[in-house]
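Undergrad: here are the coordinates; sequence isn't available:
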């Protein structure tokens, strides 16, 4: 069986997908696109988060970062926190890695709020390329 790529057919299929009102198209971009638009990279973001947390949350965040393998970033920390929450729920009695369910929930929310704050503050005033792509 001889299979060949037909560029015209592929282009027509893409055009049909884009023109459809019932089909949705998702576009995933790598981190480089956001960094090129002056947003912090994941490692920089990971370092900034601890400074945004209250003392207790900062200590918990630092402990998780230290416990996880070198080069760990905030995504891995959030994965761990969410796994703890799945294991013990919001139970204030049970603990895993020094976090009870309520503390894990609060830390999850605090980290996400810190990320949101950092991104809002570092967002370039001119985000025309990202907005045009998102709303186009």
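TA: Okay, I see it. Given the structure is predicted, the values throughout are model-derived calculations rather than measurements. Numbering: from 1, shown residues only.
Undergrad: element containing the closest residue to residue 64 other than its chain neighbours?
TA: When the adjacent residues along the chain are set aside, residue 64 lies closest to residue 77, with 5.0 Å between them (CB to CB, 6 or more residues apart in numbering). Backbone N, C-alpha and C define where each C-beta goes, glycine included. Secondary-structure element containing residue 77, defined by DSSP states H and E: helix 74-88.
Undergrad: Now do the residue nearest to residue 64, the pLDDT please.
TA: Per-residue confidence for residue 77 comes out at a pLDDT of 95.
Undergrad: Who are the contact partners of it?
TA: By CB atoms under 8 Å, 6 or more residues apart in numbering, the residues touching residue 77 are 46, 61, 64-65, 68, 111.
Undergrad: In PyMOL, how would I select just the buried ones from those residues?
TA: The following PyMOL command selects only the buried members of those, with burial defined by 16 or more other CB atoms under 10 Å:
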select buried, resi 46+61+64+65+111
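Undergrad: Let me see the ranges of the helices in the chain.
TA: In the chain, the helices defined using DSSP state H lie at 7-19, 31-36, 42-52, 55-67, 74-88, 101-122, 128-135.
Undergrad: Take the ones you listed and lay them out in CSV including distance to residue 95.
TA: Listed next are those as CSV, based on distance: least, CB to CB, whole Å:
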stretch, distance to residue 95
helix 7-19, 49
helix 31-36, 34
helix 42-52, 22
helix 55-67, 12
helix 74-88, 8
helix 101-122, 8
helix 128-135, 41
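Undergrad: quick one: buried residues of the helix holding residue 77?
TA: Applying a neighbour-count criterion of 16+ other CB under 10 Å, one finds 74, 76-78, 80-81, 84-85, 88 buried in helix 74-88.
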